[in-house]
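Engineer: generate a structure from the sequence data that follows.
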Amino acid sequence: MPLKLDLKTGVRLVINGAVIENIGPNTKLLVHNESSILREKEILSADDSATPASRAYFALQCAYMFPHEKEKYLEIFKQLLDDYSKALPSSAEIGKSISESLEEGKLYKALKGAQELVRHEASIVEGMRQTTEDATGEYLPEAGDDIGNRIDN
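Structural biologist: Predicted coordinates:
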């Protein structure tokens, strides 16, 4: 089934490792074959990957975008996911879902699950921030959800 993409001016996406940017008015693309496609809002840079969940997402993103190094990045991802799940057992269902997608060979679906992992982490950090603020009565800046918010939209 073809994938229809509607790109606004200035929006970038990656198709099979090639960065494409729409430099004109809105553009519509129809992709007829299987391709590795990520929209700009789904892409994290290495610099943006500063938290455990975002590092796991980044490794999985690399496995998706660079199939010639897929196994290397999947090993890194699996270790990061395992470490994250041990540290935060509340993420077990998310990790299980991601692992099932990987076993089925559905890398993009696994990547969407990894976005959920980033949102999970952001909610844990926000809960801790709120608890600390309630206990101390001091306002604390919002948790660094920029990454979670970006891949959410």
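Engineer: only C-alpha atoms from now on, for both contacts and neighbour counts.
Structural biologist: Fine.
Engineer: center of the protein - which residue?
Structural biologist: Geometric centre of the chain, nearest residue: residue 115, 4.0 Å, by C-alpha atoms, centre = their mean.
Engineer: now name the helix or strand holding it.
Structural biologist: Taking DSSP states H and E as the definition, residue 115 sits inside helix 107-136.
Engineer: give the buried residues for that helix.
Structural biologist: For helix 107-136, the neighbour count (16 or more other C-alpha atoms under 10 Å) marks 107-122, 125-126, 129-130 as buried.
Engineer: hmm, back to that, and the residue nearest to the centre of the chain, what pLDDT?
Structural biologist: We note a pLDDT of 95 for residue 115 in this prediction.
Engineer: and if you look at the one 10 residues further on?
Structural biologist: Among the per-residue scores, residue 125 holds a pLDDT of 87.
Engineer: now do the helices in the protein.
Structural biologist: 52-65, 70-87, 92-103, 107-136, 146-152 (DSSP state H).
Engineer: contacting residues for the closest residue to residue 8 other than its chain neighbours?
Structural biologist: Nearest non-adjacent residue to residue 8, counting by C-alpha to C-alpha, 6 or more residues apart in numbering: residue 26, 4.5 Å away. By C-alpha atoms under 8 Å, 6 or more residues apart in numbering, the contact list for residue 26 reads 6, 7, 8, 9.
Engineer: distance of residue 26 relative to residue 10?
Structural biologist: 9 Å (C-alpha to C-alpha, to the nearest Å).
Engineer: same question, residue 21
Structural biologist: Residue 21 is 6 Å from residue 10, by C-alpha to C-alpha.
Engineer: of these two, which one has the most company?
Structural biologist: Legend: neighbour count by other C-alpha atoms under 10 Å for residue 21 and residue 10, higher for residue 21 (15 against 12).
Engineer: which residues touch the closest residue to residue 76 other than its chain neighbours?
Structural biologist: Excluding the flanking residues, the one nearest residue 76 by C-alpha to C-alpha, 6+ apart is residue 59, at 6.4 Å. Applying C-alpha under 8 Å, 6+ apart to residue 59 gives the contacts 73, 74, 76, 77.
Engineer: which residues touch residue 19?
Structural biologist: 12, 13.
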